[in-house]
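[1] everything below, folded, please.
(one chain, ligands or ions: 1)
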Amino acid sequence: MRILVTGASGLLGLNLCLGKWDRHTLVGVDRGKLHGTPFELLHTNLTAPGAIPRLIESSRPDAIIHTAANANIDSCESDPEGARLLNGEIPGLLAEAAANASIRFLHISTDAVFDGTKDSHYTEEDAPNPLSIYARTKLLGEQNVLSANPQAIVARVNFFGWSLSGTRSLSEFFYNKLSAGEPCNGFTDVYFCPMFVSDLAAILIRMLERGLAGLYHAVGSEALSKYEFGRRIAHQFGFDESLIIPQSVEESGLKARRSHNLRLSTHKLSTDLGIAIPDVSTGIAKFYTQYQQGYPQKMRSYQQ
Ligand SMILES: NC(=O)c1ccc[n+]([C@@H]2O[C@H](COP(=O)([O-])OP(=O)(O)OC[C@H]3O[C@@H](n4cnc5c(N)ncnc54)[C@H](OP(=O)(O)O)[C@@H]3O)[C@@H](O)[C@H]2O)c1
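    Below is the predicted model:
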């Protein structure tokens, strides 16, 4: 398959495009941040007038993985209209254009669509109730995608890994602080199911290969608090775990409201793909292996 990946300079998009895919060719779409990448690159601002039909016409893919978004929860609070356009409207327009051209479409959404009041894992059947502008606009994106293109896949994700800026992921936040010997906060009252980004990339490709359609939870198999996640990163890298200060998210001063429970069930995904979903411990070990192999530096050499 020739697979177009939007958001190629982003945490998920870049790791997807840098993956080794024997049977597929990945083509990245960015806004001009990248150069010299080992994959084909197209430059497009998705919100520019006429950009979507031009992109589809010029790239002629078999499938699209749409990762581009305003994924910064607090910046969405300051720009609700921009967030609505990029996270809510653009996905629907892309999904419609893909359906009209018989191109498979996989849209990336978020675990944050839930308010966190359930005391167990959320399934695809549970009703979302977004708490922030980011989450509201991402839910709108899901709805627009599935109404324009019922054969599309919508994957609600949560992931960690190395990024172009070195600051995009929670794993990098802990790495940056702890490697500098600086104290940092870890939320004890936010539970989530993070998946290593390269594991997620492989799962997304498999979802396309298997011809899945509809809504899926594509997160890690294990739930833990953000504090515990930080401790596991510290342990893996041999950093001082006591630098991580347990804190409540309610005391954090963050702008947007956050859910306390982002545990998502992966039962449907695991059943339909016929695989075990990767856990966070093996993901953190792979994150460390990439560090030892100089992957973060290699990745940053592609920045203009
Ligand atoms: N990170 C997480 O743990 C997490 C959790 C749940 C869901 N998600 C979802 O996963 C997806 C990927 O997130 P991420 O963390 O990889 O995001 P990211 O690192 O912030 O990357 C966002 C990407 O979107 C691109 N973009 C923004 N505006 C654009 C526009 N107008 N036209 C074209 N491209 C544009 C950015 O390009 P520039 O580099 O040029 O700005 C960048 O490549 C998003 O849909 C997000 O909502 C992420």
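
[2] all contacts plus neighbour counts: C-alpha atoms, from now on.
    Noted.

[3] pLDDT score assigned to residue 302?
    Residue 302 carries a pLDDT value of 97.

[4] so the closest residue to the ligand within the stretch 51-200 of the chain is in which element?
    Distances between the stretch 51-200 of the chain and the ligand by C-alpha to the nearest ligand atom are smallest at residue 68, namely 3.3 Å. For residue 68, there is no host helix or strand (DSSP states H and E).

[5] what residues does the stretch 1-150 of the chain put near the ligand?
    7-13, 30-31, 33, 44-47, 67-71, 108-111 (C-alpha under 6 Å from any ligand atom).

[6] buried subset of those?
    Among these, those classed as buried by 16 or more other C-alpha atoms under 10 Å are 7-13, 30, 44-46, 67-71, 108-111.

[7] what are the ranges of the strands in the stretch 151-300 of the chain?
    153-157, 159-160, 184-187, 191-192, 195-196, 214-218, 224-225, 244-247, 261-262 (DSSP state E, counting those that start in this stretch).

[8] let's have the ones you listed in TSV, adding mean neighbour count.
    Converted to TSV, those look like this (neighbours: other C-alpha atoms under 10 Å):
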stretch	mean neighbour count
strand 153-157	24
strand 159-160	24
strand 184-187	20
strand 191-192	24
strand 195-196	26
strand 214-218	23
strand 224-225	19
strand 244-247	17
strand 261-262	28
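
[9] so what are the sheet partners of the strand or helix carrying residue 5 and their directions?
    Element membership of residue 5, judged by DSSP H and E, is strand 2-6. The strands that strand 2-6 pairs with in its sheet are strand 25-30 (parallel), strand 63-66 (parallel) (by DSSP bridges).

[10] how far off centre is the following helix or strand past it?
    Following strand 2-6 in sequence order, the next helix or strand is helix 11-18 (DSSP H and E). On the basis of C-alpha atoms, centre = their mean, to the nearest Å, helix 11-18 sits 10 Å off its chain's mean C-alpha point.

[11] which strands and helices sit next to helix 11-18?
    strand 2-6, strand 25-30, helix 197-209 (3 or more C-alpha pairs under 8 Å, 6 or more residues apart in numbering; DSSP states H and E).

[12] closest one to residue 238 among the ones you listed?
    helix 197-209 (21.7 Å; C-alpha to C-alpha).

[13] elements contacting the closest one?
    helix 11-18, strand 159-160.

[14] export these as JSON lines, with columns for mean pLDDT.
    Converted to JSON lines, the helices and strands packed on helix 197-209 look like this (pLDDT from 0 to 100):
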{"stretch": "helix 11-18", "mean pLDDT": "98"}
{"stretch": "strand 159-160", "mean pLDDT": "98"}
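
[15] with distance to residue 102 added, can I get those in CSV?
    Below are the helices and strands packed on helix 197-209 laid out as CSV (distance: least, C-alpha to C-alpha, whole Å):
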stretch, distance to residue 102
helix 11-18, 22
strand 159-160, 29
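
[16] closest one to residue 270 among these?
    Short answer: strand 159-160, nearest of those by C-alpha to C-alpha, at 16.9 Å.

[17] near the ligand at all, that closest one?
    Yes: for strand 159-160, a contact with the ligand is found by C-alpha under 6 Å from any ligand atom, at 159, 160.

[18] in space, what's closest to residue 17 - neighbours in sequence excluded?
    residue 26 (5.8 Å; C-alpha to C-alpha, 6 or more residues apart in numbering).

[19] mind listing the residues bridging to the one you found?
    Applying DSSP bridges, one finds that residue 26 bridges with residue 3.

[20] show me the contacts for it.
    2, 3, 4, 5, 17, 39, 40 (C-alpha atoms under 8 Å, 6 or more residues apart in numbering).
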